[in-house]
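> return a 3D structure for these sequence lines:
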Amino acid sequence: QVQLVESGGGVVQAGASLRLSCAASKGTFSIYAMGWFRQAPGKEREFVAAITWSGGSPDYADSVKGRFTISRDNAKNTVYLQMNSLKPEDTAVYYCAADPSRLRIKLDPSSWGQGTQVTVSS
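This next block holds a predicted model:
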């Protein structure tokens, strides 16, 4: 099973940008669909973005469309989440996820990272 480690979180002001990274190990990264989820305090974890093994068909939650971009570099076993025009409501712990199935990546991924905190101040 692939192991995932996120990085790149931090504290920024509204309107700023951040890029999250998720490095994968102990698995064949290139066969996995990858996704990002987030969980704000007192709320359930929610889907943010997903991408297929080939880097195609990116999918986004409506709340981040046009502001966030998911991408991957299979040579580096890394998936990224570029977050622009950040808002206070984007404050959450962001989790990286992986699953061999592009159908399951949005619903119930089999592998999760430990999360990285993103805080957006107004």
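> how about A97: which residues does it bridge to?
Under DSSP bridges, the beta-bridge partners of A97 are G35, W112.
> how near is it to S121?
Using Cβ to Cβ, to the nearest Å, A97 is found at 27 Å from S121. From N, CA and C alone the C-beta is placed, and that goes for glycine too.
> can you check R72 too?
Following Cβ to Cβ, the distance that separates R72 from S121 is 29 Å.
> quick check: mean pLDDT of stretch 108-118?
Averaged over stretch 108-118, pLDDT sits at 96.
> what sits against the residue positioned nearest the centre of the chain?
When the chain is reduced to its mean C-alpha position, the nearest residue by Cα atoms, centre = their mean turns out to be W36, at 2.4 Å. Applying Cβ atoms under 8 Å, 6 or more residues apart in numbering, we find W36 in contact with 20, 22, 48-50, 70, 79, 81, 94-97.
> can you redo the residues you listed as CSV with secondary structure?
Formatted as CSV, the contacts of W36 follow (DSSP: H, G, I helix; E, B strand; the rest coil):
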residue, secondary structure
L20, strand
C22, strand
V48, strand
A49, strand
A50, strand
I70, strand
V79, strand
L81, strand
Y94, strand
Y95, strand
C96, strand
A97, strand
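> among the residues you listed, which one sits closest to A61?
Distance ranking of the contacts of W36 against A61, using Cβ to Cβ, places V48 first at 5.5 Å.
> show me where this protein has strands.
Per DSSP state E, the chain carries strands over the ranges 3-7, 10-13, 18-25, 33-39, 46-51, 59-60, 68-73, 78-83, 92-99, 111-112, 116-121.
> got a markdown table for those, with distance to I105 too?
What follows is the strands of the chain, written out as a markdown table (distance: least, Cβ to Cβ, whole Å):
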| stretch | distance to I105 |
| --- | --- |
| strand 3-7 | 13 |
| strand 10-13 | 26 |
| strand 18-25 | 13 |
| strand 33-39 | 4 |
| strand 46-51 | 5 |
| strand 59-60 | 9 |
| strand 68-73 | 11 |
| strand 78-83 | 11 |
| strand 92-99 | 5 |
| strand 111-112 | 10 |
| strand 116-121 | 19 |
